[in-house]
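Participant: Everything below, folded, please.
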Amino acid sequence: MTSEDLQRYKKVQTIARETIEYLKSFIKEGVSEKEIFNAAEKFMKQKGISSYWYYDAGAMVFVGKRTAISMSGKNYQPTDLKVQSEDLVTVDLAPEIDGFWGDFARSFTIVNGMVGDANMSKIPEITQGIKIETIVHEKFKNTIKENMSLQEAYTKMNLFIDELGFENLDFKKNLGHSIEKNIDDRKYIEAGNDIKFGGIDLFTFEPHIKKKNGQYGVRLENIYYFDKGKVETL
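Facilitator: Coordinates of the predicted model:
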């Protein structure tokens, strides 16, 4: 990957971050998945996003207990389900400019009808889930090496998630994938994949997790890469 290509990827990912920041003020009690979906796509287009790489779905939005659903973008349709006063909302973005992808997801804690601090949530499961997501990402960054296989990372991280009292909700049980030009070329952090991280330019880590016997699924997704042996966030 050239430095010029890296900058192009950073541009798209920056737009994804800006979209999430914008949604923090848009999402509130009473708005629906469809309204959040439309707001996200409109904002990204205004910022210069030309298309969406994940089956043309610019955003996947889940509200409340639907946050525990894992599905392919092929089948996704936002619903009329509305945000409640105390709730959880997950947004997963897939912007693209000229073949360069962004991939960014966050779960929003709703406190007293507005996006707020997870520590202030009246639903302990949500507070814990947001905290655990951050811990899992830090563990991932401190664990992986360029000579580690995707399978080894898959095994280690799923074990760590299990030890924390959570479960992997992904419908394919993977934890992330490489960033490619063709959607079908993605290499997954999954069982049986012996490809090394050092052989991949950019990769996501996106554990979709739920507390065992819980009701809410939490997601936090970043794109990472190695720079001189160190894990960096795109």
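Participant: Would you state the helices of the protein in chain order?
Facilitator: With helices called from DSSP state H, the chain shows them at 3-26, 33-46, 124-143, 150-163.
Participant: Could you pull out the buried residues of the third one?
Facilitator: The one in question is helix 124-143. The neighbour-count check on helix 124-143 (16 or more other Cβ atoms under 10 Å) flags Glu125, Ile126, Thr127, Gln128, Gly129, Ile130, Ile132, Glu133, Val136, His137, Phe140 as buried. Quick note: C-beta positions are derived from backbone N, CA and C, even for glycine.
Participant: Same list, those, but as TSV with pLDDT and distance to Met60 please.
Facilitator: Shown next, in TSV, are the buried residues of helix 124-143 (pLDDT from 0 to 100; distance: Cβ to Cβ, whole Å):
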residue	pLDDT	distance to Met60
Glu125	97	21
Ile126	98	19
Thr127	97	23
Gln128	98	23
Gly129	98	18
Ile130	98	18
Ile132	98	21
Glu133	98	17
Val136	98	20
His137	98	19
Phe140	98	22
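Participant: ok so, going back, and Asn75, which of the helices of the chain is closest to it?
Facilitator: Put simply, out of the helices of the chain the one that sits nearest Asn75 is helix 33-46, at 14.5 Å, with distance taken as Cβ to Cβ.
Participant: so what secondary structure elements neighbour that closest one?
Facilitator: Of the remaining helices and strands, those touching helix 33-46 by 3 or more Cβ pairs under 8 Å, 6 or more residues apart in numbering; DSSP states H and E are helix 3-26, strand 59-63, strand 87-93.
Participant: Figure out which of these is closest to Ile161.
Facilitator: Using Cβ to Cβ, the nearest of those to Ile161 is strand 87-93, at 17.0 Å.
Participant: ok, the residue nearest to Ile110 when sequence neighbours are not counted to Phe26 distance?
Facilitator: Residue nearest to Ile110 in three dimensions, not counting chain neighbours: Asp87, with 4.0 Å by Cβ to Cβ, 6 or more residues apart in numbering. In this structure, Asp87 lies at 14 Å from Phe26, with Cβ to Cβ, to the nearest Å as the measure.
Participant: likewise Glu133?
Facilitator: Spatial separation of Glu133 from Phe26 under the definition Cβ to Cβ is 22 Å.
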